[in-house]
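K.L.:
Here is the input, now give the coordinates:
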Amino acid sequence: MNKVENHTKRNSKTRKWLLFILTLFLVFIGLNWPTNYYIEMPGSAVPVGQFVKSKAKAPNNFYLVTVSETSQPASVWEYLFSYTQKYASRIPKSELLGNSSNSQYQELQNWYMQTSQQNALYCAAKKAGLKPKLHYKGVYVMQVQKGSSFRNKLQIGDTVLGANGHKFRSTEEMINYFQKKKIGSEVVINALREQKKIDFKGKIVKVAGTGKPGIGIQLVEHLQVETHPQVTINAGAIGGPSAGLMFTLTSYEVFSGKHLAPGHKIAGTGTISPTGKVGMIGGVDKKVVAADKAGAEVFFAPTDTAGMKKVTSNYLLAKKTAKQIGTRMKIVPVRTFDDALHYLQQKYQ
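P.N.:
Presented below is the predicted three-dimensional model:
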């Protein structure tokens with residue numbers, strides 16, 4: 001074999017190696033390329049008592065249950081791998097975040113959690129025979145509609161305190177105030193952002209969805225509860241409103257001094273209103289799996305469908321999932337806090 005042939009052969013091998021390396025590189029890049037989907041999977045069951053602070057010791061047998069969610073859109077590899085996980089779900093970015101950015105979405109979850117904690121404390125204290133006080137602090141801005149003149153002024157997380165120097169004492173008062181204004185009339189919004197008061201000028205618009213005068217925001221009431229004795233809840237990085245029911249059960253034990261199910265591991269999910277209504281949540285199938293892995297004996301699941309089809313009931317899906325995984329955990333339907341309370345009283349007392 002002459003030198004030319006040897007040189008040609010070496011070049012051919014070099015090209016093949018370079019092509020192989022390039023192919024591996026492209027495959028690596030492709031598998032790590034972000035999709036437009038977030039992956040949700042069963043999370044963990046966490047004792048609520050560690051988050052409740054008071055002079056009286058909080059019970060450690062009530063568990064909130066989380067859903068594990070990717071913090072960023074899943075890569076192609078994560079997306080494909082999720083199909084090997086039975087209870088993994090792929091949620092489109094547009095469905096999960098809506099018009100919010102990822103950071104705004106996380107903030108929304110934090111505010112939902114704060115509201116859930118305040119509602120739980122109020123409901124529990126009232127049920128324990130105390131006289132809790134609800135202090136209205138304004139409304140959280142959850143979204144600013146496209147047609148609002150306050151778009152790019154008000155931000156998600158701002159608290160609207162009043163307008164034109166008039167301080168609102170309730171959300172109902174705020175809505176009524178704006179609805180009495182003429183569309184197109186000027187208004188100055190008094191807001192709070194990062195503990196600093198800021199004023200924004202804008203105009204009254206026709207609110208999408210209602211057609212009535214307003215400033216065009218989606219909101220949630222910002223309330224602070226005062227109780228005696230004082231009890232606080234801080235769940236740290238856990239977000240969302242779905243731990244409301246379990247916060248309420250734990251807080252009720254603290255306020256009342258009664259032990260509802262000592263020595264028994266109780267899990268559950270559901271939002272809570274100040275009046276004790278338990279609302280539906282997402283990912284209940286994943287929460288049933290997580291609660292079962294933690295050894296829970298009971299799992300409370302909301303039955304309320306809030307005008308939706310009955311088949312969307314958290315309870316029905318929880319029952320179906322429990323059957324699929326063959327758990328001995330009891331799935332208990334709840335529509336109100338009283339439903340959960342009565343079940344525990346009859347079962348364990």
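K.L.:
Break this structure down into its structural domains.
P.N.:
The chain resolves into domains spanning 1-31, 37-102+113-132+228-348, 133-224 when parsed by automatic domain parsing.
K.L.:
Compare the mean pLDDT across those and name the weakest.
P.N.:
Of all the domains of the chain, the minimum mean pLDDT falls on domain 1-31 (a mean of 73).
K.L.:
so how far is Ala290 from Pro42?
P.N.:
Counting by CB to CB, to the nearest Å, the gap from Pro42 to Ala290 is 4 Å. Quick note: C-beta positions are derived from backbone N, CA and C, even for glycine.
K.L.:
Name the helix or strand for Tyr177, please.
P.N.:
helix 171-179 (DSSP states H and E).
K.L.:
How about Ala191?
P.N.:
strand 186-193.
K.L.:
Contact partners for Gly270?
P.N.:
Ser242, Gly244, Leu245, Val278, Gly279, Met280, Ile281, Phe300, Ala301, Pro302, Asn314, Val334 (CB atoms under 8 Å, 6 or more residues apart in numbering).
K.L.:
Which ones among these lie within helices?
P.N.:
Gly244, Leu245, Asn314 (DSSP state H).
K.L.:
Excluding chain neighbours, what is closest to the first one?
P.N.:
Translated: Gly244. Spatially, and ignoring its direct neighbours in sequence, Gly244 is nearest to Ile272 (3.1 Å; CB to CB, 6 or more residues apart in numbering).
K.L.:
swap in the second one?
P.N.:
Nearest non-adjacent residue to Leu245, counting by CB to CB, 6+ apart: Gly270, 4.1 Å away.
K.L.:
what about that neighbour, distance to Lys287?
P.N.:
10 Å.
K.L.:
So which residues of the stretch 101-250 of the chain form helices?
P.N.:
102-127, 171-179, 244-256 (DSSP state H, counting those that start in this stretch).
K.L.:
Looking at the ones you listed, which one is packed in the most?
P.N.:
helix 244-256 (a mean of 26; mean count of other CB atoms under 10 Å).
K.L.:
Not counting residues beside it along the chain, what's closest to His166?
P.N.:
Tyr177 (6.9 Å).
K.L.:
mind listing what the one you found touches?
P.N.:
Counted by CB under 8 Å, 6+ apart, Tyr177 has contacts Ala163, His166, Phe168.
K.L.:
Now do it against Ile215, distance only.
P.N.:
10 Å.
K.L.:
could the contacts of Gly270 be laid out in JSON lines, adding distance to Met142?
P.N.:
Formatted as JSON lines, the contacts of Gly270 follow (distance: CB to CB, whole Å):
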{"residue": "Ser242", "distance to Met142": "17"}
{"residue": "Gly244", "distance to Met142": "17"}
{"residue": "Leu245", "distance to Met142": "22"}
{"residue": "Val278", "distance to Met142": "21"}
{"residue": "Gly279", "distance to Met142": "16"}
{"residue": "Met280", "distance to Met142": "18"}
{"residue": "Ile281", "distance to Met142": "17"}
{"residue": "Phe300", "distance to Met142": "27"}
{"residue": "Ala301", "distance to Met142": "26"}
{"residue": "Pro302", "distance to Met142": "22"}
{"residue": "Asn314", "distance to Met142": "22"}
{"residue": "Val334", "distance to Met142": "26"}
